[in-house]
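Participant: model the following, please.
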Amino acid sequence: MLVRGLTKVIAIAAGEDRSLVLRSHGSVWAWGSNVNGKLGDGTAVNRLTPTATLLTSQITAIAAGSKNSAALRDDSVPLGWGINDTGQLGSGSLAPGFRPHAAPMINLTGVVAIAFSTGGLSRGMAVQSAGTVWP
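Facilitator: All right, here's what the predicted structure looks like:
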């Protein structure tokens, strides 16, 4: 079935119960479950149709885990949102909670690729331009 209202899509990512798309102008759209703010639109409202996230430009890559999501800005800064029960957003905090909007992962620059594992509390990973991998 065709997803209506989306054009110029250059990347897709599927999480446990939601979908993300990256459009050619750098915006991210999402739909599905928004428990723990994992759609990144600043709310916890579930979405049945593609909805613009708070990331409206400058995004070059996206990733989705079980309960969180990530994006890579064009300046090589990774952003994370969703649940952060075990520090999987790279925020520098292990405090339980969630983030309903994208915020930078601390101490990571020069990132060229991002990924999230799925299943359980997913883990984020980043690869820097020097070839180093960060969990």
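Participant: any weak-confidence spans in this protein?
Facilitator: 95-96, 118-123 (pLDDT under 70).
Participant: do a quick rundown of the strands in this protein.
Facilitator: Assigned by DSSP state E, the strands in the chain fall at 9-14, 18-23, 28-32, 47-52, 59-64, 68-73, 78-83, 98-104, 111-116, 124-128, 133-134.
Participant: right, and these - which one's nearest K38?
Facilitator: Comparing the strands of the chain against K38 with CB to CB, the closest turns out to be strand 78-83 (3.7 Å). Where you see a C-beta, it was placed from the backbone N, CA and C, and this is true even at glycine.
Participant: who does that closest one pair up with?
Facilitator: strand 68-73 (antiparallel), strand 98-104 (antiparallel) (DSSP bridges).
Participant: which one of the ones you listed lies closest to A113?
Facilitator: Between the strands paired with strand 78-83, strand 68-73 lies closest to A113; by CB to CB that is 7.5 Å.
Participant: once you drop chain neighbours, what's closest to Q128?
Facilitator: Excluding its sequence neighbours, the residue lying closest to Q128 (CB to CB, 6 or more residues apart in numbering) is G110, at 4.8 Å.
Participant: tell me the spacing between that neighbour and L94.
Facilitator: Noted for G110: a distance of 25 Å to L94, by CB to CB, to the nearest Å.
Participant: higher neighbour count, the two?
Facilitator: For G110 and L94, the more surrounded residue by other CB atoms under 10 Å is G110, and the numbers stand at 13 against 10.
Participant: right, and the more buried one touches A126 too?
Facilitator: No - G110 is beyond contact range of A126, at 9.5 Å (criterion: CB atoms under 8 Å).
Participant: turn the strands paired with strand 78-83 into CSV, columns for distance to K38 and mean neighbour count.
Facilitator: Listed next are the strands paired with strand 78-83 as CSV, based on distance: least, CB to CB, whole Å; neighbours: other CB atoms under 10 Å:
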stretch, distance to K38, mean neighbour count
strand 68-73, 6, 26
strand 98-104, 8, 17
